[in-house]
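Participant: This is a predicted model, with the sequence first.
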Amino acid sequence: MSNSNTITSRTKRSTTPQGLGRSLRALRKERGLSLQDVANETNVSASFLSLVENERSDITIGRLVRLCEFYGVTLAELVPVPVKAEETEVVHVGERRFLRSPAEGIDIYMLAPDTDREMMPMLLEFEPAAELAEYGRHHEGEEWVYVLEGRLCLSLDGSTPRYLEAGDSAYYSAERQHRFSNADRRRRLRLVCVNTPPVF
């Protein structure tokens, strides 16, 4: 999954980045890179990167995914667990990592304890008419989606959109460009998305 939308890590009711910018700055400095070095490799401007690192701006889903891929880290490594999990097999509601993209109107809940697994299951919740701003595409693997509630508009490779209702599912190569949007302007959309292997 993956411009003008913002993503914010939060625990409980917080809606501001909780250390995400600091984590990104630490990764850059560990590698001895300048802001311009990262900008050249990720197509994210140096001035915007500076704002994010200083926690004066949220970051888009697409941009965050590009940064994770560039640094070779997972999204889970950047987003803290709200409550320390006591088990490695079970993720209770209060232990889920949570990301919010306010401009897109999308919430992402990570449903596995970490990304050191063969797959990454997520629960995505879209506000009415919400959509990802850009197409996502992963370098390898497969993706499966299952609609729990609402109506999903799935676009693959820019082809004619497909509409999935509650109970419908789709399975496709993650290398294909894909984009999700809520086809309903009045109701929310909830779906489970599983990537294998974990993509960020």
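Facilitator: Nice, thanks for sending it over.

Participant: Quickly list the domain ranges of this protein.
Facilitator: 8-78, 96-196 (automatic domain parsing).

Participant: Could you give the separation of the longest one from the chain centroid?
Facilitator: The reference is to domain 96-196. Computed by Cα atoms, centre = their mean, to the nearest Å, the chain-centroid distance of domain 96-196 equals 9 Å.

Participant: Kindly report the same for stretch 44-57.
Facilitator: On Cα atoms, centre = their mean, the centre of stretch 44-57 falls 18 Å from the chain's centre.

Participant: Mind pulling the model confidence for the closest residue to H139 other than its chain neighbours?
Facilitator: Closest residue to H139 apart from its sequence neighbours, by Cβ to Cβ, 6 or more residues apart in numbering: E175 at 6.9 Å. Placement of C-beta: from N, CA and C, glycine included. According to the prediction, E175 has pLDDT 89.

Participant: quick revisit: confidence-wise, which of the domains of the chain is weakest overall?
Facilitator: domain 8-78 (a mean of 80).

Participant: So which bits of stretch 92-110 are buried?
Facilitator: For stretch 92-110, burial by neighbour count (16 or more other Cβ atoms under 10 Å) applies to 95-101, 103-110.

Participant: ok, the residue nearest the centre of the chain to N182 distance?
Facilitator: Centrality entry for the chain: nearest residue to the mean C-alpha point is I61, 5.4 Å, by Cα atoms, centre = their mean. Applying Cβ to Cβ, to the nearest Å, the value for I61 to N182 is 15 Å.

Participant: Please work out how many residues are found near the residue nearest to H139.
Facilitator: Residues lying near E175 (other Cβ atoms under 10 Å) number 14.

Participant: Please report how far it lies from H138.
Facilitator: 6 Å.

Participant: Ok, E127 next?
Facilitator: 25 Å.

Participant: More neighbours: which of these two?
Facilitator: Counted by other Cβ under 10 Å, E127 and H138 do not tie: H138 has more neighbours, with 23 against 15.

Participant: my guess is the more buried one meets A174, correct?
Facilitator: Yes - counting by Cβ atoms under 8 Å, H138 does reach A174; the two are 3.9 Å apart.

Participant: All the strands of the protein, residue numbers only.
Facilitator: Here the chain has its strands, by DSSP state E, at 8-9, 97-101, 106-110, 120-126, 142-149, 151-156, 162-165, 169-173, 178-182, 189-196.

Participant: Among those strands, which comes closest to L132?
Facilitator: Between L132 and the strands of the chain, the tightest spacing by Cβ to Cβ is seen for strand 178-182, at 5.3 Å.

Participant: Hmm, N195 and G141 touching each other?
Facilitator: Yes - under the criterion of Cβ under 8 Å, G141 makes contact with N195 at 6.3 Å.

Participant: so what's in contact with these two at the same time?
Facilitator: Residues touching both G141 and N195 (Cβ atoms under 8 Å, 6 or more residues apart in numbering) are A174.

Participant: who has more neighbours, the two?
Facilitator: Between G141 and N195, counted using other Cβ under 10 Å, the more crowded position is N195 (21 against 16).
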